[in-house]
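> With the sequence up front, the predicted model follows.
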Amino acid sequence: MAEDKNDNASGNRDQPSSDEAALSARLGSLDQRLSEIRDSRKLRTDQPGTESGDRAARASAMALGFRLSSELVAGVVVGAAIGWGFDRLLSTSPFGFIVFLLLGFTAGVVNVVRSAGVASRRR
């Protein structure tokens, strides 16, 4: 009896069943559909309009980043310059510099928050 089972099993291995043929046909169909979808996506990404839109978005984000960083740096530099000027005029070195440096930093952060649109301006 064991020999009969082995013969049937080996016979089934040599001849593909109808289920395997159907599966193979479905896999071929799926491969064809996937290759069509990949080709259409490749054509869409190769279009020049999408790249220029992506570049414009990157440039806009970069411009906003430079604007925000320059506002912060400008606030600190102006505060430090005013503090240094007060210290030179009133001979109160380093207190004016420290106070106005901190005020300049605070003003820079407030400007960045306003420019980024996080805080709304109240009238």
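Arrived safely. What you are looking at is a predicted structure, and each value in this text was computed from that prediction instead of being measured.

> Any figure for the gap between G65 and L72?
Remark: distance between G65 and L72 (CB to CB, to the nearest Å) = 11 Å. The C-beta positions use only the backbone N, C-alpha and C, and glycine is treated the same way.

> These two: who's more crowded?
For the pair G65 and L72, the greater number of neighbours falls to L72 (19 against 10), based on other CB atoms under 10 Å.

> Tell me how far that one lies from W84.
From L72 to W84 the distance is 19 Å (CB to CB).

> And D54, by the same measure?
Applying CB to CB to D54 and W84 gives a distance of 45 Å.

> between the two, which one's more packed in?
W84 (16 against 10).

> does L23 belong to a helix or a strand, and which?
Secondary structure assigned from DSSP states H and E places L23 in helix 18-45.

> before we move on, what about G96?
Under the criterion DSSP H and E, the helix or strand holding G96 is helix 95-116.

> same for that helix, what does it pack against?
helix 48-90 (3 or more CB pairs under 8 Å, 6 or more residues apart in numbering; DSSP states H and E).

> relative to helix 95-116, how tilted is the helix it packs on?
Orientation note: helix 48-90 sits at an angle of 160 degrees relative to helix 95-116 (axes from the mean of the first three to the mean of the last three CA atoms, to 10 degrees).
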